[in-house]
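J.: What follows is a predicted structure for the sequence shown.
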Amino acid sequence: MAGFKTHLTVSSIFGVGYGGAACLMYGVPWPTALLAGGLCGVSGMLPDIDSDSSRPLHESMAFAAAVVPMMLLHRFHRWGMSPELIILSGAGLYLLIRFGLGTLLKRYTVHRGMFHSLPAAAVFGELAYLLASGEDWRLRAFTAGAVVLGYVSHLVLDEIYSVSFSHGRLRLKSSFGTAMKLFGQSWGANLSAYAKLAILTAVILVEPQGQSLSQPGGTSSARQTATRLIDSVFHR
Ligand SMILES: [Zn+2]
């Protein structure tokens, strides 16, 4: 089984390649490329937040608690929040992620459950898309791609480590196939993973920038209906 350092090293190498290529070959602004590369590196430890070993969970929660409120700053500004309210919200989010989310994950996850799966990689990619700042959906998708790349690098490495070669024969460990999967053994966990995927996809499609994903400058009737629905729920 690949260890914490191996996962971080591999995802960081991918992060350097991803961010570097985008900056040098496609003209992506260097701060965006650097952030994406860093997120790719950190995402290499994300699937193991379901692990019994507390290090990936502890490090991921500490990092997310610091970075997520900062990534939401542009939204707080757009919502017209006062500086005091922004600080209070940031502090609240820090405490919620650092202590609340970590405890929940520890209690309700099993190792090699649905955190080690392709839909989970997509869920974290969509979360990164929603957290990424800026109006240009392509740069946000670029950041989301970095998280998916780092996450999937972990899953691939886990699968590689579940194959061993001894006495001239390939041997598959019992863990083979439990990392790069679409469905796990628990239907409750499967349902939960795909429900999160569906909800985040819907949020991305109905948020204002989402229109550029479907039709540039245009609106689809499904999107208009969904937007009206969300408006009626949240803006009474
Ligand atoms: Zn793993």
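T.: That came through, no problem.

J.: contacts, neighbours, all on C-alpha from now
T.: Noted.

J.: Show me the helices in this structure, by range?
T.: All helices of the chain, identified by DSSP state H, fall at 4-26, 30-43, 54-71, 73-78, 83-95, 102-108, 118-131, 137-160, 187-206, 211-214, 221-234.

J.: For the fifth one, C-alpha coordinates in CSV please.
T.: Output in CSV follows, covering the C-alpha atoms of helix 83-95 (Å, rounded to 0.1, in the frame of the first residue of the first chain):
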residue,chain,number,x,y,z
PRO,A,83,-15.7,43.1,6.5
GLU,A,84,-16.7,42.2,10.1
LEU,A,85,-19.2,39.6,8.8
ILE,A,86,-16.6,38.2,6.4
ILE,A,87,-14.1,37.7,9.3
LEU,A,88,-16.9,36.1,11.4
SER,A,89,-17.9,33.8,8.6
GLY,A,90,-14.3,32.8,7.9
ALA,A,91,-13.7,32.0,11.5
GLY,A,92,-16.9,30.0,11.7
LEU,A,93,-16.0,28.0,8.6
TYR,A,94,-12.5,27.4,10.0
LEU,A,95,-13.9,25.9,13.2
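
J.: Give the buried residues for that helix.
T.: 86, 89-90, 93-94 (16 or more other Cα atoms under 10 Å).

J.: now the residues you listed as TSV including distance to Lys196?
T.: Shown next, in TSV, are the buried residues of helix 83-95 (distance: Cα to Cα, whole Å):
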residue	distance to Lys196
Ile86	27
Ser89	24
Gly90	24
Leu93	20
Tyr94	22
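
J.: Just give me the residue closest to the centre of this structure.
T.: Geometric centre of the chain, nearest residue: Phe124, 2.1 Å, by Cα atoms, centre = their mean.

J.: Show the contacting residues for that one.
T.: Applying Cα atoms under 8 Å, 6 or more residues apart in numbering, we find Phe124 in contact with 144, 147-148.

J.: ok, now Ala121?
T.: Residues in contact with Ala121 (Cα under 8 Å, 6+ apart) are 115, 147-148, 151-152.

J.: Mind doing that once more with 7 Å?
T.: Contact analysis of Ala121 by Cα atoms under 7 Å, 6 or more residues apart in numbering lists 148, 151-152.

J.: Return the entry from those residues with the maximum number of neighbours.
T.: Tyr151 (32 neighbours; other Cα atoms under 10 Å).

J.: What residues does that residue make contact with?
T.: 43-44, 46-47, 121.

J.: Retrieve the pLDDT associated with it.
T.: Looking at Tyr151, its pLDDT stands at 97.

J.: before we move on, what about Leu101?
T.: 88.

J.: Same check on Gly3?
T.: Looking at Gly3, its pLDDT is 84.

J.: And the spatially closest residue to Leu157 that is not a sequence neighbour, how far from Gly150?
T.: In this structure, Leu157 finds its nearest non-sequential neighbour in Ala2, 6.8 Å apart by Cα to Cα, 6 or more residues apart in numbering. Counting by Cα to Cα, to the nearest Å, the separation of Ala2 from Gly150 is 14 Å.

J.: Quick one: low-confidence residue ranges for the protein.
T.: 1, 52-54, 208-236 (pLDDT under 70).

J.: Report back the residue of it that's furthest from centre.
T.: For the chain, the residue at maximal distance from the C-alpha centroid (Cα atoms, centre = their mean) is His167, at 40.0 Å.
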